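In: What would the 3D arrangement of this be:
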Amino acid sequence: MNNPVKHNNTIDINAATRGLLLRMGNTWFEQDELWQAVDVYLKIIEEYPDSEESEAAQSSLMSISRGYEQDGLLRLSLNVLERIEQAMTTTV
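Out: Prediction:
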């Protein structure tokens, strides 16, 4: 994960924001607040599609989807997958 990069004594706000959003999503995920985590991860994918944080968010979303599937919550699993697809096509 990128740290905010200083350029001529200024902070890269995009890097700081991406990092903060990923930490927020991970915190929600760890607290089993999955829908909050999903929303944050999708925001990262939509707003910062080519970032390392976007790749990490996609991986976490796939873990959430697999977890729902393993729990027999197939509709929730499919919903997460559909939302990933929608977020990724929104950015193209």
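In: mind listing the strands in this protein by residue range?
Out: Secondary structure of the chain (DSSP state E): strands located at 6-7, 10-11.
In: among those, where is the model least confident on average?
Out: By mean pLDDT, the lowest-scoring of these turns out to be strand 6-7, with a mean of 53.
In: Could you point out which residue ranges in this protein have low pLDDT?
Out: With pLDDT under 70 as the threshold, the chain has low-confidence stretches at 1-10, 91-92.
In: what residues are up against the nearest residue to Gly25 once chain neighbours are set aside?
Out: Closest residue to Gly25 in three dimensions, ignoring its sequence neighbours and counting by Cβ to Cβ, 6 or more residues apart in numbering: Val40, at 3.8 Å. Bear in mind the C-beta positions are built from the backbone N, C-alpha and C, glycine included. Residues counted as contacts of Val40 (Cβ atoms under 8 Å, 6 or more residues apart in numbering) are 21, 24-25, 28, 57.
In: which residue is nearest the centroid of the protein?
Out: The geometric centre of the chain, computed from its C-alpha atoms, lies nearest to Tyr41 (Cα atoms, centre = their mean), at 2.0 Å.
In: Check the gap between that one and Met62 for me.
Out: For Tyr41, the distance to Met62 (Cβ to Cβ, to the nearest Å) stands at 10 Å.
In: how about the nearest residue to the residue nearest to the centre of the chain, chain neighbours excluded?
Out: The spatially closest residue to Tyr41, leaving aside those adjacent along the chain, is Ala57, at 3.8 Å (Cβ to Cβ, 6+ apart).
In: rewinding a little: who wins for most neighbours among the contacts of Val40?
Out: Compared across the contacts of Val40, Ala57 has the highest neighbour count, 28 neighbours, by other Cβ atoms under 10 Å.
In: thought it was touching Gly19?
Out: No: taking contact to mean Cβ atoms under 8 Å, the distance of 11.8 Å between Ala57 and Gly19 leaves them out of contact.
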